[in-house]
Structures are given as C-alpha cells and as structure tokens.
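A.B. asks: give me a model of this one.
(chains A and B)
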Amino acid sequence: MSAIFNVPTVLLIVTVLAVAGYFLGRSRAIAASGGDRRSLHSLPKQHGWHVALATFIPSVLLLLVWVFLSGLVSNIYVGSLVSDDLPDLRLTAEQRETLTEEEQAIRLDSSRRLFISGAQTLATAIEGYVRNGSATEAQVEAWRADLAPLRERLRADGQVVSTTVSQGMLNVARDLRTFRNRMAVAGPLIALGLAVGGFALSLMAINRDFRARISVERWIRGFLVFASTMAILTTVAILASITLPSLTFFREYGFFNFLFGLEWAPAGDTVGAPEGPNGEYESALGFLPLIWGTLYIAFVALLVAVPLGLFAAIYLSEFASPRVRSLVKPALEILAGVPTIVYGIFALVTIGPFLQAVVGSTIMPNTVSVMTAGVVMGMMLVPFVSSLSDDVINAVPQAMRDGSLGLGATPSETVTKVILPAALPGIVGAIVLAASRAIGETMIVVLAAGALSNVTGLEANPFGAVVTVTTRIVAVLTGEGSGFDSIDVLAIFALAFTLFFITLGLNLLAQRIVAKYREQYE
Amino acid sequence: MTDMTAGGPAAPKSSLFVQSDNVRRRRQRGAALRYLGMAAITLVLFFLGVLLFSIFSRGLPALFQYQAEIELYYDPAILNADGGAVTAEEVNDVSLRSGFEQGLFTVSLRNTIEDAGIDIEGTVAGVWIDRAVGALDAAGLSGGAEAIAATGAPGDAAQVFGQTGNALRTARTVLADEAATTEDAVAAITAAAEALDAAGFARAADTVGVVADIATEEGLPEAAEALAESNYEQALFDAATALRQPAQFDDGELSAIIYAANRRDVRDRVAANLDLVGETDRVGVPIAISMTRYLSGELTGESQAQMPPGFNESHLALVDRMVEAGIIERNFRWSFFTNVYSQSGEVAGIGPALMGSAYMMLVVLVFSLIFGVAASIYLEEFAPKNRFTDFIEINIANLAAVPSIVFGILGAAILFGLTSLGFGNSIRGTALLGGIVLSLMTLPTIVIATRAALKAVPPSIRDAALGVGASKVQTAFHHTLPLAAPGILTGTIIGIAQALGETAPLLLIGLSVSTGADILSSPFTGGLLEQAQSMPTVVYLFAQNEDAPVREGLAQSAIIVMLLLLFALNILAITLRRRFERRW
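C.D. replies: Alright, predicted model coming up:
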C-alpha cells in the first residue's frame, strides 16, 4: 500500500493522467463536434486544457497543503497523546514541595517538550529502522522494556535517537508512527481520488456547447490573481514573522525598557524565566545604543552622498555634454551594481586602515568605525541619490528652463533659482529614500562598523566603533538558530520590527512627497 | 541687462555684443556650480577606480599559488612500522598528522630538496654564520668567519663565543665593583683577553690587554671606560645567539614551509592501491600561506615586522634556494574554483558557492519569471481600478524598498516555524530556501520591469487582437506577452544579478554554516536540498578569516569571480535589449 501511495508517485500518476486528459479531451471534443469544428463553443485544445487542469490542479493543491499540514496535525496528535500525569513527566515529591507553582509549571512544560521531541525522534528512527529492513512490523510491536539494547540497535542502524528513552516514550512513538504512516497514505490517496474524479467528470462534461474556454480562462485568471497577491502575502508574512515574537518580547521585557534602555548586554535568559534576583531579566536589551550607531552612520553616509550625488546630478542633467554623460552614467551604474559586501570588504581592508593612518590610533583605536562605514556607505549611495535626482530634475518642465533663460538668467542662475526650487520636493524624496537605505544597509556595517556584543551609552567619537541594529541581527541569527526560547533572540525580532517600521515610514513619506510633486507638474 | 531696465536717461551706454562687467561677474559666480559638479563626478570616479584597484591588485595575485613539486615516497617504514606486508587497515591507522604530514611529506620534501643539490643544513647554517660574522665585524672583531670555521659546527662556535662574552662580562663587573683590587681586575681582564685570543680574535685580545695596563696605571674607573668603548661583549652574545639557530631547524620547521593539504587523499589512495607502497609519485603541495607573502614580495623578511608569521631567516634562505632550483613554482590556482571553503587559505575554494549560487539563480529565475510575469499581466491587463489593486501596488512599491535583511528575518522565521513542524533541519541553509527568499526579494524588481515592458506594447496591438475575436486571455498571452518578452527578460536578468550579490538574507537562513561539501558530491541528485553556500556568503566567510592573506587576498579573488559573473549577466541583458528591443 504505502509503497504506491507516496507523494512523488502520486504526483507522477496525476501528471500522466493530466497529459492523457489533454489529448483525450481534445479528441472527445472533436468527436462531439461531429466533423464540423465550427459548431464547438471552444477550440478542441481548450477542451483538452480543461480536462488537464481539472485533473491536475485540485489534487496537486491538496498534496501541497497535505505535505505542510501533516507535520502540524501530527504535532497536535502527539500533544494529545501526552498527558501531564505520565510517569515520565511527574515531578518528584521534593520538587513539588520546594518549588512554587509557577516554577513547577515551567519545569513540567519543558520536560513535556523534551519528552515530545524525544518521542518524535524515536518515531522517525523506528520508521527508518523498518524501512532499512532491519525489523518487521510484528517485531516492532513486540518491543518491550529492554530499552538500552533497543537504543543501541537503532544507533547501529544509523538512526538518530535521543539519550533518554523510556517505555512511555516508546509507546507514544509507536502510536505516533502509526498515525504518521496513516497520514502519509491518506493524503496521496485522497489526492489520487480527486484527480481521477476531476478527470472523469470533466471528460464527461464535454459536448458541443460546453464552455471550456471560459472555464480554462477562469483558472488562468485565478492564477494571475494569486500571483499578484504574492506581494500582499509576502508583506503579511513579514509582518507576522516579526510582530509575533516582538510582541512576546515587549510583554516580557517591557516596551519602554527596550525603547529607552541605554545598555545592550545579552545574558542568555530563557523566555518566561528571568534569572535576576528580583525576578527581572539579566539581559539588558536597550534599543538606544543600537539606533544611535545606526543613525550616526546613516548621517555620515548622507553627508557624503547628498552633496556628491546632487552636484553630480545637476552637472549631468544641465551642463554635461552628451559624450561626458554617456561615459559617466555607465560608471555610476557600475557603482550602483556592486554588491554591498564588496563595499564592506573595501571599507575593512582599504578605507579603515587609511583613515587610521590619517587620524592616528589614539583617536581611532580600531580600523572599524563610524567614519569607515559611513564614508563607504555614502559612496555606495551616490549613484542612488544622483539617479533619483536626475529623474526629478529632468521632470521639471522645459518651459521653466526656457522662460528663465529667455529672461536673461545665466544657466547656473536658472539651476539654482528656478530648477532646484521646483525640483526640491522630489530631491527631498530622494534623500529620504537614501536615508531609508542607509538605515537598512547591512553588510557594510557588519564588516566595518564594529562587532561588539555588549555596548553601554552612546559613542560620540566619529572614529570610534559602534553597534548597529543590523549588525546585531546578523550576529545573533547567523548560524544555528536557537529558536524562540531565548529572550535575546526575541529581542532581535524586536530590532527587526523597529527597523521595518522606520524604513516603511520613510518609504511612505518619500512616496508621498514624490507623488505630490508629480501632481504639481502633470 | 538689469541695468537697462533700471536705468533712466543716466544709464551708461551698453552694447549687446560686449559683455558687461555685471554679466561677467554673474557668469563667473555661476561657474562655481559647474566646477562643483565636475569635482563631485571626479571624486566618485576616483573612488570607483580605487575600489576596483584595491580589489584587483589583491585578488589577482591570490589567484596564483606557490607550490612545491615534491617526489612523494610512499615509505613502507612509515606506513607499516611493524614491518611485514602493508595492509589497507594499517595504512588507514597511520596518523594523518604525525604519519603523513610530518612523516611521508616531510621526508619526501627533504629528499626532493637534497636531490636538487641543495644542502639544507649548509644553507641554514650559512645564513646564520653570515649574520654572526656581520655582528662581529660591526664591533671590530675581524676574522669572525675564520674563528667559526676553526671551531667546526656553528653550535660549538656559539658555545665558544658565549664563554668569551661571559669572560668579558666578568671583567666588566669586576671593574665596576668598588671593593675590587687592581690585582683582581688585571686577572679578570687578562682572562678575557686570553679567551678572545683562544676564540681567534688576536687583535681584539690586544685591545683588551691594553685595558689591563690602564687599570694598573690610571685606575679602575678609567679602565672600565676603556673596556666599555669596545662593544665586543654584546657582539659576541649576538653572534652566539645567531649561531645557535641552525641546530633548531629540525624536520618540524622544515615541514612548516609546505601545507600537506592532500594528505587525506594520499592516505585514501595508498589504502586503495597498495602497489604504491615503496613507489614515488610527483605531487604539487601548496606552500604555507603566510610564506607566500614573502614569495610574492609583499614581505621582505628583512626585519621582524617584515617576517612572515611563524617563520625566520632559516626558512627564507631555504625557500630562496628552492625557488632557484625550480622546486617552488607559481601556478594558477584552479583548485580555487573546485575546492570547498576551509579555514586554511592554502586549500580554501569557492566550488560549493558557485554551485549554490547557480542553483539559487535557477530558483529565482523559475519562481520570479512565473509569479512576476503573472502578477504583472494581471495588474497591467486585467486588474480593475479598485482598492484591492491599489493595495497590491502599494505593497509592491514598499517591498521594493524593504531592507534585504528583513527578508532574511522572514526566512529565519520560516525556518523556526518549519523546525517546529519537523522540516527545519532538512531545509536550513539549502539552495532551495535561499532561492525562495531571494525570489521574494527580487519579485518587486521584476514586476516593475515587466510592467514597464507590457506598458510599452502599443494599445493598437491589443485592439486588433480583440477586434478579430480573441479573448482577453488570448490577447495577453498570444500577442502582448511575446512582444514584451525582450523587456521582461532584460528586467529578469537584472533582477537576478541583484539577487546574486545579496548577502544578508542568506546569512540569516544559515548559508554560511556548512562547507557545502555535499552539494559538490551530489550536484544533480539532491542539489537543491543540500546545505549550500553562495558567492557573497563565501566572500563573507573569507572576510571573517583570521589569516590576513585570506582576508585580504582570497576574499578579493572571490569578489573578482562574483563581479565577472555580474558583469556577464549585465552584458547579456544589454545585448538582449539591443538585439530584440522594438521601438514603437
């Protein structure tokens, strides 16, 4: 049974059925037309497509949903198998006397989680063991309390088993495995049924007047609508993935403690189990030092990027000859296309040591600093600012230039007194967008701003190292994810939360400004 | 011109053909803006130049590797210490470090060098003897070379010089001691002079002998001053220190020159083919990476600061001779493109990163072409003008400006979620997950480009198709889409190029954790679902390495490869646009 009804096989069968459906549907439609194709409502190939889609789509959708939900469902199932009075979970008498009720609940919860994950691993191990042909179903059913040899046997077979295995765990694992196997067969079985049903029904529906085209086009439109909601789905997914952990964090740690804290010093507390003497978290997770570093670097970057980008844009759009423009524009595009990690490494190995040599190592103890990251990030933003400003300046109606020049103003007076004031809102929009980029920029600051994990207060020295929001996110989430158990990891999601909303706010602001400006001249 | 309007009858005569002072001033003032613009552009271009120079000047040399060609002898004595026939199990039991790296490789290296006619001990001793003689000469102790030759081995000379130095030091202490009598002083000085004479420095012995006369005739302080004028003591100690060095150059020091990278391969090869035992093979072995900085001329080796870390003059002298003899050669580093990432710069490569990036680009191509084009067609051709459509548009515009790291957070959250469903560890750091996250990130770019391409198709095409009875779907797919295809393709390629350079989101879903060896061993069977690396993440790993040559050399080499790929993609996009773009 289970050999046939697994996901890949069923997927293959359904595909073959769909292809067959296409040809069968087409020939059936031609037959139904009675020799005169014009009498059909839809083209024969549209009939064919109809059968193919009716066979394929419902069953494949079901399979997809099944693959993702079966894990969730079996998680719920295993949760229902494990009751709190299981001998493995029961607290010792001593624990029940000495610990408070809350602490008991935490103990119980964590040992319950441990037990469940043990049972899940064991179920997977037994399944793998049987798949390898090392035991039959009957043998598995007969397994009893000889647990240590059992574990050895599974290990020897190359299966992963957790260190503590009890009789209760074995029972749960066995039930879970049966349940999983049933789920694994049931899904593909239903999917196959859907495919066969869709195949048969849609084939039978074919006649001269059947509106296959309408139906096929409805499928296509459905897919188009779904594709265009991907943007919404992505936004929702981002919001959900940053908001839920952040809310837990704010509830646990305190929103204002986070927002106005002057110290960032993670200490690895578990969520819900503060380790400080007065029931507070030992981790200090204050936002201010990080946003300070972020804004400081962004400020330096804008200080570099805005004048350079603006002057370059003015020159290119108002003064430069076509030849110069055709040479400089591609160069700016190259600069814009360089990945940010390249800028980061450039800052690390070239700009940092150069700055240190210039200002001396008493002012600049490390090669990583606000200036190192800021200057390079500013250079990265120049093409961005200049191309946006270029668009804006070019959008100023030619009539205004002509009018100004006609009245006797010099070209540069035209630029400073007519074009720039007219383009100002657009330029401000461009600067706001550049600021949003600078705040969200990651790789340059990760490599060139400093990598301290603890920081107190606000660093004022522009040649000192700082910690930024994005640096911390990368430092904590890179590598083995430790899950949502640690308050420090939750704090990272809170950082992402604030980062997302700051950049979102800036982007909306910029779009507003630019839209207003467009209205003015259109 | 303002003069003309302001002026009454008193206005000075001006001509349209002669520039007035006022106009000239205004024009001059205006020129500042132009110069500022030029200065800004020059500065930016200069920065671009420095950036590219910094990358290529470090990265290109690092693409070459210094290798020692050695005659590897599969010594039965090492492979099977007990004697008797060598078996595969015994070979596998031989330690990689002491048996292969310090055994087979070092012995073979020594033999190769000696077969080339280089006397290892002689070369090393020569450097230090030269140095000792130099120190002695500088202090006026001429005849040092003969003195060393007379004692035999450098170690013996070191002992003699040390004793002589000690005799001089004793004399100095006695002279400085206020309680000492003239007789004590004379005795000590005479002993020192005799020691100098015995060591072969007759002239110096005479000079010191004079000090004894000063001590008797003028007094001890004057004698101490005279002795201090000659710098013999320090020079002798320096020479002794230098002469002790050759004895310390053992096999361990010798093997530090090479990095026995393929020792595991060699062991596997011998174990699989026991006929090799007792045979010799010619193999190229990478030179230790900090030594390559000397070979490339980056470090001169003339002072302590210029010395490659972990080496001294002995190594440099020997390496110089090996280069002369043609044992060390500089070859293009092909292995860089096939090896996996490693902490050791000698063998680190970008193979899995190239594979992983290729896989991810494939996922991005498929995913964003299908979804991006579908979404654009809907928004451009079908969508009614309503709130829902506006909402989608706002979302796309915002997603285009969301920092890339936020997409990484999304990926990390998906990973945490999938872990709780039991999938997480099978998908962490895979090319599939990386590709999906990159696709979500690239989607807005591609939608914007595709919509622009669809917009450029004139409405008359649509009207004609609808007019002859095509449905809206048929019009879109049979007429509008093919005509917009070049523009769409160009936009897609540019989106992919952007995704290729993205680092932060990939770091957050665990792409920098594994070496990615699996993706190389099974490229087609499970490539999408193996732990992968990508070009930017491997650059990041190189940048985090502790060895300066890796951080500043190989990182830039990897960047060069990445930039060339980006360049190729952009050229492809431009060519497509030139070739197929139609202007209406």
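A.B. asks: quick one: B:M441 and B:F407 touch, right?
C.D. replies: Yes. Counting by Cβ atoms under 8 Å, B:M441 touches B:F407, with 4.6 Å between them. The C-beta positions use only the backbone N, C-alpha and C, and glycine is treated the same way.
A.B. asks: packing partners of the host helix or strand of A:S404?
C.D. replies: Using DSSP states H and E, the element containing A:S404 is helix A:398-406. With contacts taken as 3 or more Cβ pairs under 8 Å, 6 or more residues apart in numbering or on different chains; DSSP states H and E, helix A:398-406 sits against helix A:411-414.
A.B. asks: quick one: list the elements packing against the biggest strand by length in chain B.
C.D. replies: Longest strand in chain B, counting residues (DSSP state E): strand B:64-73. Other helices and strands packing on strand B:64-73, by 3+ Cβ pairs under 8 Å, 6+ apart, are helix B:106-115, strand B:280-286, helix B:289-295, strand B:328-332.
A.B. asks: pLDDT of the very next helix or strand once past the first one, averaged?
C.D. replies: Pointing back at helix B:106-115 there. Going down the chain from helix B:106-115, the next helix or strand is helix B:120-138, by DSSP H and E. Here helix B:120-138 scores 83 as its mean pLDDT.
A.B. asks: what ranges do the helices span in the stretch 51-200 of chain A?
C.D. replies: Ranges of helices in the stretch 51-200 of chain A, per DSSP state H, counting those that start in this stretch, are A:93-98, A:101-131, A:137-142, A:147-156, A:167-205.
A.B. asks: between those helices, which one is nearest to B:E229?
C.D. replies: helix A:147-156 (79.6 Å; Cβ to Cβ).
A.B. asks: contacts for the closest one next, please.
C.D. replies: With Cβ atoms under 8 Å, 6 or more residues apart in numbering or on different chains as the test, helix A:147-156 has contacts from A:A125, A:I126, A:Y129, A:S134, A:W143, A:V161, A:V165, A:S166, A:Q167, A:L170.
A.B. asks: kindly report the same for stretch A:117-124.
C.D. replies: Here stretch A:117-124 has contacts from A:78, A:82, A:159-162, A:164-165, A:169-170, A:172-174, A:176-177, A:180, B:422, using Cβ under 8 Å, 6+ apart.
A.B. asks: same question for stretch A:36-48.
C.D. replies: So stretch A:36-48 is contacted by A:21-30, A:32-33, A:50, A:206, A:208-214, A:216 (Cβ under 8 Å, 6+ apart).
A.B. asks: try 6 Å this time
C.D. replies: A:22, A:25-26, A:29-30, A:33, A:206, A:208-209, A:211-213, A:216 (Cβ atoms under 6 Å, 6 or more residues apart in numbering or on different chains).
A.B. asks: can you give me the mean pLDDT across that stretch?
C.D. replies: Stretch A:36-48 comes out at a mean pLDDT of 86.
A.B. asks: stretch B:353-366 too?
C.D. replies: 91.
A.B. asks: quick check, distance from it to the centre of its chain.
C.D. replies: Relative to its chain's centre, stretch B:353-366 lies at 25 Å (Cα atoms, centre = their mean, to the nearest Å).
A.B. asks: stretch B:163-171 too?
C.D. replies: Taking Cα atoms, centre = their mean, one finds the center of stretch B:163-171 at 50 Å from the center of the full chain.
A.B. asks: ok, now stretch A:54-67?
C.D. replies: 25 Å.
A.B. asks: could you export that stretch as CSV, CA atoms only?
C.D. replies: Extracted in CSV, the C-alpha atoms of stretch A:54-67 (Å, rounded to 0.1, in the frame of the first residue of the first chain):
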residue,chain,number,x,y,z
ALA,A,54,-9.4,19.8,-13.7
THR,A,55,-7.3,16.6,-13.2
PHE,A,56,-4.1,18.3,-12.1
ILE,A,57,-4.8,21.4,-10.0
PRO,A,58,-7.2,20.2,-7.2
SER,A,59,-5.1,17.1,-6.4
VAL,A,60,-1.8,18.9,-6.5
LEU,A,61,-3.1,21.7,-4.3
LEU,A,62,-4.3,19.1,-1.9
LEU,A,63,-0.9,17.4,-1.9
LEU,A,64,0.9,20.6,-1.2
VAL,A,65,-1.4,21.5,1.7
TRP,A,66,-1.1,18.0,3.0
VAL,A,67,2.7,18.0,3.0
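A.B. asks: where along chain A do the strands fall?
C.D. replies: Under DSSP E, chain A gives strands at A:263-265, A:284-285, A:455-456.
A.B. asks: quick one: average pLDDT of stretch B:214-225?
C.D. replies: 76.
A.B. asks: and it, what's buried?
C.D. replies: B:I214, B:A215, B:L220, B:A223, B:A224 (16 or more other Cβ atoms under 10 Å in any protein chain shown).
A.B. asks: hang on, the earlier thing: from the contacts of helix A:147-156, which is closest to chain B?
C.D. replies: Closest approach between the contacts of helix A:147-156 and chain B, by Cβ to the nearest Cβ: A:A125, at 13.3 Å.
A.B. asks: wait, isn't that closest one in contact with A:Q159?
C.D. replies: Yes. In this structure, A:A125 is within contact of A:Q159 by Cβ atoms under 6 Å, at 3.7 Å.
A.B. asks: more neighbours, the two?
C.D. replies: A:A125 (23 against 20; other Cβ atoms under 10 Å in any protein chain shown).
A.B. asks: report the contact partners of the more buried one.
C.D. replies: Counting by Cβ under 6 Å, 6+ apart, A:A125 touches A:L154, A:Q159, A:V161.
A.B. asks: ok so, going back, pull out the buried residues from the contacts of stretch A:117-124.
C.D. replies: Among the contacts of stretch A:117-124, the ones that count as buried by 16+ other Cβ under 10 Å are A:78, A:82, A:159, A:161-162, A:165, A:169-170, A:172-174, A:176-177, A:180, B:422.
A.B. asks: ok, so of the residues you listed, who is nearest A:L332?
C.D. replies: Nearest to A:L332 among the buried ones among the contacts of stretch A:117-124: B:G422, at 49.0 Å, using Cβ to Cβ.
A.B. asks: format the contacts of A:A125 as TSV; extra columns: distance to B:A88 and pLDDT.
C.D. replies: Shown next, in TSV, are those (distance: Cβ to Cβ, whole Å; pLDDT from 0 to 100):
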residue	distance to B:A88	pLDDT
A:L154	30	74
A:Q159	28	71
A:V161	32	70
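A.B. asks: and which of those is nearest B:F53?
C.D. replies: Of the contacts of A:A125, the one sitting nearest to B:F53 (Cβ to Cβ) turns out to be A:Q159, at 55.5 Å.
A.B. asks: give me the domain ranges for the chain.
C.D. replies: By default, I'm working from chain A. Using automatic domain parsing, the domain ranges for chain A come out as A:7-221, A:290-521.
A.B. asks: you answered for a different chain; I wanted chain B.
C.D. replies: Split by automatic domain parsing, chain B gives B:2-61, B:65-118+B:252-332, B:140-230, B:351-580.
A.B. asks: could you give the mean pLDDT of stretch A:364-382?
C.D. replies: Mean per-residue pLDDT for stretch A:364-382: 92.
A.B. asks: with stretch A:488-497 instead?
C.D. replies: Mean predicted confidence for stretch A:488-497 is 90.
A.B. asks: one more: stretch A:472-479?
C.D. replies: Computed over stretch A:472-479, the mean pLDDT rounds to 82.
A.B. asks: picking up where we left off before, strands paired with the longest strand of chain B, and their directions?
C.D. replies: Strand pairing for strand B:64-73, using DSSP bridges, gives strand B:280-286 (antiparallel), strand B:328-332 (antiparallel).
A.B. asks: for stretch A:35-51, buried residues please.
C.D. replies: Result for stretch A:35-51 [16+ other Cβ under 10 Å]: buried residues A:L40, A:H41, A:S42, A:L43, A:P44, A:K45, A:Q46, A:H47, A:G48, A:W49, A:H50, A:V51.
A.B. asks: ok, which pair from these is furthest apart?
C.D. replies: A:H41 and A:V51 (15.2 Å).
A.B. asks: still on that earlier bit, highest mean neighbour count out of the domains of chain B?
C.D. replies: Comparing the domains of chain B by mean neighbour count (mean count of other Cβ atoms under 10 Å in any protein chain shown), domain B:351-580 ranks first with a mean of 20.
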